[in-house]
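K.L.:
no sequence for this one, just the structure:
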């Protein structure tokens, strides 16, 4: 019996060794696609019968050799994998196409701004929530269709983009609600945005930006690349938005009379919008208007005694030409940006002019309408009838009337000396007698001479004739005097 048991143990040992070897020799390649089920028959083989391990499902083991499983199951697995990857690729392609067609505000936006914002979050977010960051930047673009703002950060000198949706708060610098369209290029904005999506939570016009609304007096220095506005000096560069009627505008064409709205951030001019530009008005000189000036919209522009060329704001203007010798002349004109308007003044209505009075004698005392004037001086006088009086000792006083109505006129007044003598004609018979006035010899008769007003002594002398002496009274109102004298001969 012991021999039988020993034989049985030897056979069991050999059987178990065979099973273990078979299990070791089966590789992973042999297992692919195969379900392994060990035999449930653990009974020892009957004595005298040679047993072999039971075959596994899906494979045959014969005399220690094995065959690979059929390849059909591998083809099926490969086909299923290819179909699965193809379906995934189609889904991804469709999602990308759909995302490009629908605005980000209508779909969940997963694209991060480019490049990533450099600022740290304003405050820690709750676990699992999107992290928010803040940025102060210049608006360089505004796409109202996709609700996208293009931004430029002066600090990092980088460009970004953020989007808005229905949850984005939009406010002006005072906290009042505004629309997306009001965030125009050139504005400085404070942005709070989600880092992962680039969608803005808050857009606010920055309180750190300095605005100058509808001001004049902007001075542009193209050499220094600077603009002075209300005492503030800002630098400008290619990032500065300069517009006129929503079109790009050359900053060098801005004049101090232009009406502008400007936004500055620090020392940088971010935007400058020209609300009203300028043109030029010209006018030829008017020399005969005294103290003449041209006023445009109540502002004195220039004197008109020489040619005028002045820059004026575009649009319609009221012009008044004034002078000391004209009635105000009023007209209107219109000028467009960059246009030159040649202003033509119509016929001026003069109400005064210059009168120059010259006198024939020096030292004349001159009065015009009772006011003393200097002869030879250009005198501004109102139009109308003038009374001119010229007087001088020893001269006759002259008074004349003048109808004065020319812008400039010269007038000469003639004066005569006052007569202090009277003519006296002395005729003698016979002629050739010597004539004396107050014992002063005057000549030989017949003789005409000037005799002073008053009483004089007339003496006549001729040899062989009696001497004659008699007084003569001379008066201004008397006509010229005539003395016809017959001499009396004397005997020796």
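P.N.:
That came through, no problem. Computed from a prediction, not measured in an experiment: that's the story for all the values here.
K.L.:
low-confidence ranges in the stretch 201-350 of the chain?
P.N.:
The model of the stretch 201-350 of the chain has no residue with pLDDT under 70.
K.L.:
Contacts for the helix or strand that residue 280 is a member of, please.
P.N.:
Using DSSP states H and E, residue 280 sits within strand 278-283. Residues from elsewhere that reach strand 278-283 (CB atoms under 8 Å, 6 or more residues apart in numbering): 255, 257-258, 294, 296, 304, 307-314, 317, 333, 335-345. C-beta coordinates here come from the backbone N, C-alpha and C atoms, glycine included.
K.L.:
10 Å instead, please
P.N.:
The contact list for strand 278-283 (CB atoms under 10 Å, 6 or more residues apart in numbering) reads 253-259, 294, 296, 301-302, 304, 307-315, 317, 319, 321, 333-345.
K.L.:
Starting from it, tell me which strands it pairs with and how they run.
P.N.:
strand 308-313 (antiparallel), strand 340-342 (parallel) (DSSP bridges).
K.L.:
winner for burial among those?
P.N.:
Each of these was scored by mean neighbour count; the highest is strand 308-313, a mean of 17, by mean count of other CB atoms under 10 Å.
K.L.:
downstream neighbour of it in the secondary structure list?
P.N.:
Next along the chain after strand 308-313, taking DSSP H and E as the criterion, comes strand 315-323.
K.L.:
Which helix or strand lies directly C-terminal to that following strand?
P.N.:
Trace forward from strand 315-323 with DSSP H and E and the next one is strand 326-335.
K.L.:
just how off-centre is that following strand within its chain?
P.N.:
Averaging C-alpha positions (CA atoms, centre = their mean, to the nearest Å) puts strand 326-335 26 Å from its chain's average.
K.L.:
tell me the angle that strand makes with strand 315-323.
P.N.:
If you take axes from the mean of the first three to the mean of the last three CA atoms, to 10 degrees, strand 326-335 sits at 160 degrees to strand 315-323.
K.L.:
Just the residues contacting strand 326-335, thanks.
P.N.:
Here strand 326-335 makes contact (CB under 10 Å, 6+ apart) with 278-281, 286, 288-292, 294-296, 311-323, 341-353, 407.
K.L.:
before we move on, the earlier item: can you tell me which of the strands paired with strand 278-283 is nearest to residue 139?
P.N.:
Of all the strands paired with strand 278-283, strand 308-313 sits nearest to residue 139, with 28.5 Å by CB to CB.
K.L.:
can you list the residues that contact that closest one?
P.N.:
Residues from elsewhere that reach strand 308-313 (CB under 10 Å, 6+ apart): 216, 255-259, 276-286, 293-294, 296-297, 299, 301-302, 319, 333, 335, 337, 340-343.
K.L.:
Now list the buried members of the residues you listed.
P.N.:
Applying 16 or more other CB atoms under 10 Å to the contacts of strand 308-313, the neighbour count classes 255, 257-259, 277-279, 281, 283, 286, 293-294, 296, 301-302, 319, 333, 335, 337, 341, 343 as buried.
K.L.:
Take the strands paired with strand 278-283 and lay them out in CSV including distance to residue 191.
P.N.:
As requested, the strands paired with strand 278-283 are arranged in CSV below (distance: least, CB to CB, whole Å):
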stretch, distance to residue 191
strand 308-313, 37
strand 340-342, 46
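K.L.:
Looking at those strands, spot the one closest to residue 413.
P.N.:
Closest among those, once you apply CB to CB, is strand 308-313, at 38.5 Å.
K.L.:
From residue 443, how far out is residue 422?
P.N.:
Distance of residue 422 to residue 443, computed by CB to CB, to the nearest Å: 17 Å.
K.L.:
if you count what's nearby, which of these two comes out ahead?
P.N.:
Taking neighbours as other CB atoms under 10 Å, residue 422 and residue 443 compare with residue 422 leading, 20 against 13.
K.L.:
Spit out the contact partners of that one.
P.N.:
Contacts for residue 422 (CB under 10 Å, 6+ apart) come out as 450-454, 472-481.
K.L.:
Could you do residue 179 as well?
P.N.:
So residue 179 contacts 144, 170 (CB under 10 Å, 6+ apart).
K.L.:
quick revisit: and the strands paired with strand 278-283: which comes nearest residue 434?
P.N.:
It is, among these and with distance given as CB to CB, strand 308-313, at 80.1 Å.
K.L.:
now the helices for the protein?
P.N.:
Along the chain, counting by DSSP state H, helices occupy 2-25, 28-31, 72-101.
K.L.:
Bridged to residue 473, which residues?
P.N.:
Assigned bridge partners for residue 473, using DSSP bridges, are residue 455.
K.L.:
And for it, the neighbour number?
P.N.:
Residue 473 sits with 12 neighbouring residues when counted by other CB under 10 Å.
K.L.:
so who does it touch?
P.N.:
Neighbouring residues of residue 473 by CB under 10 Å, 6+ apart: 422, 451, 453, 454, 455, 456, 481.
K.L.:
And those residues, which is closest to residue 368?
P.N.:
For those, the nearest to residue 368 is residue 453 (32.8 Å; CB to CB).
K.L.:
Look up how far residue 447 lies from the closest one.
P.N.:
If you go by CB to CB, the gap between residue 453 and residue 447 works out to 19 Å.
K.L.:
Pick out whichever of those two has more residues nearby.
P.N.:
More neighbours surround residue 447 than the other of residue 453 and residue 447, with 18 against 15 (other CB under 10 Å).
K.L.:
Surely that one touches residue 482?
P.N.:
No - at 11.5 Å, residue 447 does not count as touching residue 482 under the criterion of CB atoms under 10 Å.
K.L.:
overlap in contacts of these two?
P.N.:
424, 425, 426, 427.
K.L.:
Arrange those in TSV, one row each, with neighbour count as further columns.
P.N.:
TSV is the format used below for the shared contacts of residue 447 and residue 482 (neighbours: other CB atoms under 10 Å):
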residue	neighbour count
424	21
425	14
426	23
427	15
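K.L.:
Looking at those residues, which are in strands?
P.N.:
Mapping these onto strands (DSSP state E) picks out 424, 425, 426, 427.
K.L.:
so the first one makes contact with residue 479?
P.N.:
This means residue 424. No - contact between residue 424 and residue 479 fails when scored by CB under 10 Å: they sit 11.2 Å apart.
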